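*Asks:* Task: produce atomic coordinates for the following.
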Amino acid sequence: MLYLAQVTNNPYLNGLELQLLVMETNEHLWQNTSGTLYIENRETLQKFNEGVLVLVEIDENKQVLQINSATNWILGIIKEFLSEPTLTTEFIQQEEARIEQARQEITSKKLDLTRRQLEIETQREQIQAVESSLSKS
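*Replies:* Numbering: from 1, shown residues only. Presented below is the predicted three-dimensional model:
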């Protein structure tokens, strides 16, 4: 399983450990997680400074298979989002269309309610006229 983690110093264990932040559940799908993974082999984390973000691959027994800097991965994500403005524009246009459709539906319902209210008012006036003519009789 692949995790994004931060290298942290643990003074109690006199070494570095990994603070797990998110884990990959499917391709391009990540979920928040928490936990700490202490690395017994100090050489494994020596090339990373405290605070660095890393991608760590862990097997089902919580054994570290591979640790790599997450810098290029994060930069790739940022470039992908910045270079795909059409996705953002397309999403905004879809949402604007959805909002406009909802506004039109609300306007239509409001007109229908106004028409019904006028019909009820007309019927009330007719009933009052009938009551008035009956009371005069």
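*Asks:* What are the boundaries of the strands in the chain?
*Replies:* 2-10, 15-26, 29-32, 36-38, 53-58, 64-69 (DSSP state E).
*Asks:* and the last one, which residues are buried?
*Replies:* Which is strand 64-69. For strand 64-69, the neighbour count (16 or more other Cβ atoms under 10 Å) marks 64, 67 as buried. Bear in mind the C-beta positions are built from the backbone N, C-alpha and C, glycine included.
*Asks:* Adjacent strands (with direction) for that strand?
*Replies:* Paired with strand 64-69 in the same sheet, following DSSP bridges, are strand 53-58 (antiparallel).
*Asks:* which residues make contact with the strand it pairs with from outside it?
*Replies:* With Cβ atoms under 8 Å, 6 or more residues apart in numbering as the test, strand 53-58 has contacts from 1-7, 18, 20-21, 37, 48, 64-71, 73-74.
*Asks:* Grab the nearest non-local neighbour of Thr71.
*Replies:* Sequence neighbours aside, Leu53 is the residue nearest to Thr71 in space, at 7.4 Å (criterion: Cβ to Cβ, 6 or more residues apart in numbering).
*Asks:* picking up where we left off before, for Glu119, which of the strands of the chain is the nearest?
*Replies:* Evaluated with Cβ to Cβ, these place strand 29-32 nearest to Glu119, the distance being 53.3 Å.
*Asks:* distance between the closest one and the chain's centre?
*Replies:* Computed by Cα atoms, centre = their mean, to the nearest Å, the chain-centroid distance of strand 29-32 equals 11 Å.
*Asks:* related to what we said a few turns ago, quick check: which of the strands of the chain is nearest to Glu100?
*Replies:* Nearest to Glu100, of those and by Cβ to Cβ, is strand 29-32 at 31.0 Å.
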